[in-house]
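1. need coordinates for the following:
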Amino acid sequence: MLRFFVIFLVIQAGLFTAELTRPVQQAIVIPFTRSIATLSAWLVQRFDEGVVAYNNVIRDQGSGFAVAIEAGCNGVEATIVLVAAMLAMPAPWKHRLLGMSAGFLAIQVMNLLRIITLFYLGQWNKTAFDWAHLYIWQALIMLDVLIVFLIWLRFLPDTRKTENAA
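-> Next up, the predicted model:
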């Protein structure tokens, strides 16, 4: 357990440090965040044609209300926590890669739901928006990470069986 925790912290420190560097921000994080805004706006446009995306902003053209998807709101940090946990666990690489891919998708689906609900909540009530943004959705996204990790753990092969057989 101590081994997992130390490796988990070291990997997180490395990934968070890398994420904050200018080259990674410019090449990966900013374009990814813009694509999240574009996808969110596209999904909303299925029901509300007056919504547009510009860079990392989603705007309702009728009301003028807009939300900006900033660092911490793009799912990157939650993905880093999940990836660090999966890399820290002793597991076959096939299972790690599959888990990280499925986890990334689960986090991004939840994050799209978060962005869209906050977009509509903000148009309805600023206080409810702030509360949901700062407390409810932060907890739900990290709960998503935990649930994905726990499900992934259930599907890991039991290495004790193969060690005892040898």
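2. low-confidence ranges in the chain?
-> Where the chain drops to pLDDT under 70, the residues are 159-166.
3. go ahead and flag the most central residue of it.
-> Gly75 (2.5 Å; CA atoms, centre = their mean).
4. which residues touch the nearest residue to that residue once chain neighbours are set aside?
-> In space, Gly75 comes closest to Asn111 once its chain neighbours are excluded; the distance is 4.0 Å by CB to CB, 6 or more residues apart in numbering. All C-beta spots, glycine's among them, are computed from the backbone N, C-alpha and C. Contacts for Asn111 (CB atoms under 8 Å, 6 or more residues apart in numbering) come out as 36, 73-75, 78, 141.
5. how about Asn111, secondary structure?
-> helix (DSSP: H, G, I helix; E, B strand; the rest coil).
6. what about the one helix or strand Tyr120 maps to, distance to the chain center?
-> Secondary structure assignment for Tyr120, by DSSP states H and E: helix 93-124. Averaging C-alpha positions (CA atoms, centre = their mean, to the nearest Å) puts helix 93-124 5 Å from its chain's average.
7. many thanks, have a good one.
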